[in-house]
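# build me a model:
(one chain, ligands or ions: 1)
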Amino acid sequence: MATVRFSGVTKAYGSTSVVSDLDLELPDGSLSVLVGPSGCGKSTTLRMLAGLETVTSGTITIGDRDVTHLQPRDRDIAMVFQNYALYPHLTVAENIAFPLRANKTPRREALARAATVAESLGLSALLGRKPKDLSGGQQQRVAIGRAIIREPSVFLFDEPLSNLDAKLRVETRTELAQIQRRLGITSVYVTHDQEEAMTLSDRMIVMRDGKIAQQGAPQDVYARPADTFVAAFVGSPKMNLLEGTLTGGTFTLANGFALPIDEGATDGPLTLGVRPDDLLPTVGAADAPARVALIEHLGPRAIVTVDARGTELTSVVDTARLSGISEGTGVELAVRQGATHLFDTTTGRRIAGETR
Ligand code: ADP
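Numbering: from 1, shown residues only. Model (predicted):
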């Protein structure tokens, strides 16, 4: 069992805590992704687990072992960085076998195990190549192979894909998720990219200012963001977040623009959240208070920016349903049934129990 636990973990530099009183449980075999904006403390959290940063207070355990003060080499972990630094003069097989050779495993046995690992990563045909003759994605898989061969109980990934171009990043991300599921090794992955976190993780842990803003299955975090920070951070294009007042089923912005919504919440000031996919424009009167400011075509769908009395709203519409809507068109806006998110404007917290 390699469940990872952080209990009351704080990391402070002088009087500034960059990770504060963190309680976190990462189940055995899971792929947990720490995600959040730059500076929120995700790398520091990973590096404390790796033993590359000291812990100011609290404890970290892996399985039933307290590793808080152990040296990195004694923690039974392997880490894959964005700069995977393969040895240029060694072949793929020798690169993967390197950690075993460093442990004095006989060459023949080390290479045989490297061949098995390479097979699981689809690298068998490349065993004799040098790193310079590999694509970026293949190099990253070799780096993963070099980590796997040690059979660690926990894998750590620190933005491992950020040096790859967009297409390769998506491909390698899929491969990585498949490898992780096949091996079933508890893995912790750090990224600032919410889409990468959504697609890869079993558990998504959104961090803000050294604390956990929300954690859970990615689809749950997306469907029920706990506050306006998470609501704005997860999902692209960003959720529309509008301050206004609810009165008898009509939500009215400060500029007077009104939107009917179907949620039964107490009348009063609120922040309304609507995902762009859930905001539905239809052709309205030429002098309607909302009009289309911009249409950006994505192929099957288009991003429609609507100006509602000076407030910009974002809608994503199937191209087939754009008929009659062009830049300058006056539109009526509706919110898809059951798709509103309501937040307390003062605290930013989701209003419990009153939305789906
Ligand atoms: P992230 O990985 O989420 O971008 P980090 O964990 O790298 O964030 O950093 C969290 C915060 O800790 C940042 O505000 C950073 O400036 C601060 N920090 C990191 N290292 C040090 C250090 N050695 N001394 C002081 N502050 C640091």
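
# so which bits of stretch 101-118 are buried?
Of all the residues in stretch 101-118, those buried under the rule 16 or more other C-beta atoms under 10 Å are 101, 105, 110-111, 113-115, 117-118. Bear in mind the C-beta positions are built from the backbone N, C-alpha and C, glycine included.

# cool, stretch 66-79 as well?
In terms of neighbour count (16+ other C-beta under 10 Å), stretch 66-79 has its buried residues at 67-68, 75-79.

# what is the neighbour count of whichever residue of the stretch 251-356 of the chain sits closest to the ligand?
Residue nearest to the ligand within the stretch 251-356 of the chain: Gly348 (20.1 Å; C-beta to the nearest ligand atom). Residues near Gly348, counting by other C-beta atoms under 10 Å, number 16.

# roughly how far apart are it and Val335?
20 Å (C-beta to C-beta, to the nearest Å).

# returning to what we had before: could I get the contacting residues of the residue of the stretch 251-356 of the chain closest to the ligand?
227-229, 271 (C-beta atoms under 8 Å, 6 or more residues apart in numbering).

# next, give phi and psi for it.
phi 80, psi -10 (degrees, to the nearest 10).

# distance-wise, check it relative to Ala226.
9 Å.

# now Ala118
43 Å.

# the stretch 251-356 of the chain: strands as residue ranges?
Per DSSP state E, counting those that start in this stretch, the stretch 251-356 of the chain carries strands over the ranges 258-260, 268-274, 279-283, 290-297, 301-308, 311-318, 330-335, 341-343.

# nearest to Ala217 among the ones you listed would be which one?
Minimum separation from Ala217 across the strands of the stretch 251-356 of the chain (C-beta to C-beta) falls at strand 341-343, 17.4 Å.

# do you know how far Val190 is from Ala110?
30 Å.

# what's the average pLDDT for stretch 174-189?
Stretch 174-189 shows a mean pLDDT of 88.

# sorry, back to before: and the strands of the stretch 251-356 of the chain, which is most packed in?
Ranked by mean neighbour count, the strands of the stretch 251-356 of the chain are led by strand 341-343 with a mean of 22 (mean count of other C-beta atoms under 10 Å).

# gap between that strand and the chain center?
Distance of strand 341-343 from the chain centroid (C-alpha atoms, centre = their mean, to the nearest Å) equals 22 Å.

# hang on, the earlier thing: what is the most widely separated pair among the buried residues of stretch 101-118?
Pairwise distances across these (C-beta to C-beta) peak at 16.0 Å, for the pair Thr105 and Ala118.

# what about Ser236, distance to Ala302?
15 Å.

# quick one on the thing from earlier: can you tell which of the strands of the stretch 251-356 of the chain is closest to Ser153?
Closest to Ser153 of the strands of the stretch 251-356 of the chain, according to C-beta to C-beta: strand 341-343, at 38.8 Å.
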